[in-house]
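**Q** structure of the sequence below:
(one chain, ligands or ions: 1)
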Amino acid sequence: MTDSLPVRVFADRTDACRALATEVAALVRTINDSGRPAVLGLATGKTPLPFYAELIRLHCAGELSFARVLTFNLDEYLGLPGDHPESYRAFMQRELFSHVDIPAANVHIPDGMIGSAGLEAHCKAYEEAIRAAGGIDFQLLGIGRTGHIGFNEPGSPRDSRTRMVELDPVTRQDAAPSFGGLEQVPTHAISMGCGTILEARKIALLAWGQAKAAIVREALTGPITDRVSASFLQEHGDATFYLDREAGSLL
Ligand code: F6R
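**A** The predicted structure is shown next:
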């Protein structure tokens, strides 16, 4: 256990996202000014929505361009085509990419329709593309009630890489309302591994609401264990938790 992970608790998620988006925009500008593209690791789900809204606002205000930004998403459901509304490819298009100036070629999301024959090579190629881009400058994370980051469910090793994962029943239950029922929720996904995520140079984990308070406390103050993959962040030199009051209420 360590108490060294920085935690920032905000009045609400809008304030938190405004602060983080300002920082990320500054990081992108600094990296672009140094002469290279900025590499962002992105998350999906409900948590990042106000963050993406804020990035779009900064873009529209002329303060942030994605023209020299490369993105790598954490994960994608297996078996969902990219045009399925619950696919993470469709999510990213709807919530961020269609509103900003990112070239389509700069976007990387695992292919949920890759068949089992091509899966291993696809995951290796995803890792290779991250490496070829020079690694991830900034990684955005949410946290599941199982403590997962990406879809690294309990038991995911510290050094795991991009691979096929089986979703925990709790995770599938949480996704059921958006899919219109548990039986519609995919059972598997492709996810960056804990090792992939931990190599990002800077990480922000966002969490909102009372339902995340217990797992946030566990991740921050509990043992570093593969039972809670977010606990591995305690060992990262530049990871910060951005919380609203409710998510931080048990700290
Ligand atoms: C999404 C992801 C997941 C979510 C987590 C929280 O790309 O990797 O780890 O961040 O399941 O989901 P929400 O934000 O919907 O509570």
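**Q** what parts of the stretch 1-150 of the chain come near the ligand?
**A** 43-47, 74-75, 142-144, 148-150 (C-beta under 6 Å from any ligand atom). Yep, even glycine has a C-beta here, placed from its N, CA and C like the rest.
**Q** now for the closest residue to Lys212 other than its chain neighbours, how many residues are close by?
**A** Leaving aside its sequence neighbours, Lys212 sits nearest to Ala247 (C-beta to C-beta, 6 or more residues apart in numbering; 4.6 Å). Counted with other C-beta atoms under 10 Å, residues neighbouring Ala247 total 29.
**Q** do the same with His108
**A** 18.
**Q** show me the contacts for the closest residue to it other than its chain neighbours.
**A** Excluding the flanking residues, the one nearest His108 by C-beta to C-beta, 6+ apart is Phe72, at 4.6 Å. By C-beta atoms under 8 Å, 6 or more residues apart in numbering, Phe72 lies in contact with Val39, Leu40, Gly41, Leu42, His108, Ile109, Tyr126, Ala129, Ile130, Ala133, Ile136, Met192.
**Q** neighbour-wise, give me the winner out of the residues you listed.
**A** Met192 (31 neighbours).
**Q** surely that one and Leu42 touch.
**A** No. Contact criterion C-beta atoms under 8 Å: Met192 and Leu42 do not qualify, at 10.7 Å.
**Q** so for those two, which residues contact both of them?
**A** Phe72, Leu74.
**Q** looking at this, Leu58 is in a helix?
**A** Yes. According to DSSP: H, G, I helix; E, B strand; the rest coil, Leu58 belongs to a helix.
**Q** residues touching it, list them.
**A** Going by C-beta under 8 Å, 6+ apart, Leu58 touches Ala21, Thr22, Ala25, Leu64.
**Q** for the spatially closest residue to it that is not a sequence neighbour, what are phi and psi?
**A** Distance criterion C-beta to C-beta, 6+ apart; nearest residue to Leu58, sequence neighbours excluded, is Leu64 at 4.1 Å. Phi and psi for Leu64, reported as degrees, to the nearest 10, are phi -150, psi 120.
**Q** just the CA atoms of the host helix or strand of Ile197, as CSV, please.
**A** Counting by DSSP states H and E, the element that carries Ile197 is helix 194-198. What follows is helix 194-198 as a C-alpha-only set of coordinates in CSV (Å, rounded to 0.1, in the frame of the first residue of the first chain):
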residue,chain,number,x,y,z
CYS,A,194,-2.3,-3.7,-17.6
GLY,A,195,1.3,-3.7,-18.9
THR,A,196,0.3,-1.7,-22.0
ILE,A,197,-1.5,0.9,-19.9
LEU,A,198,1.2,1.2,-17.3
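**Q** buried set for it?
**A** Neighbour-count burial for helix 194-198 flags Cys194, Gly195, Thr196, Ile197, Leu198 (criterion: 16 or more other C-beta atoms under 10 Å).
**Q** list of residues touching it?
**A** Counting by C-beta under 8 Å, 6+ apart, residues outside helix 194-198 touching it are 41, 74, 127, 130, 139, 141, 149-150, 152, 156-162, 203, 226, 229, 232-233, 235-236.
**Q** for the ligand, give me its nearest residue in the stretch 101-250 of the chain.
**A** Relative to the ligand, the nearest point of the stretch 101-250 of the chain is Gly142 (2.4 Å; C-beta to the nearest ligand atom).
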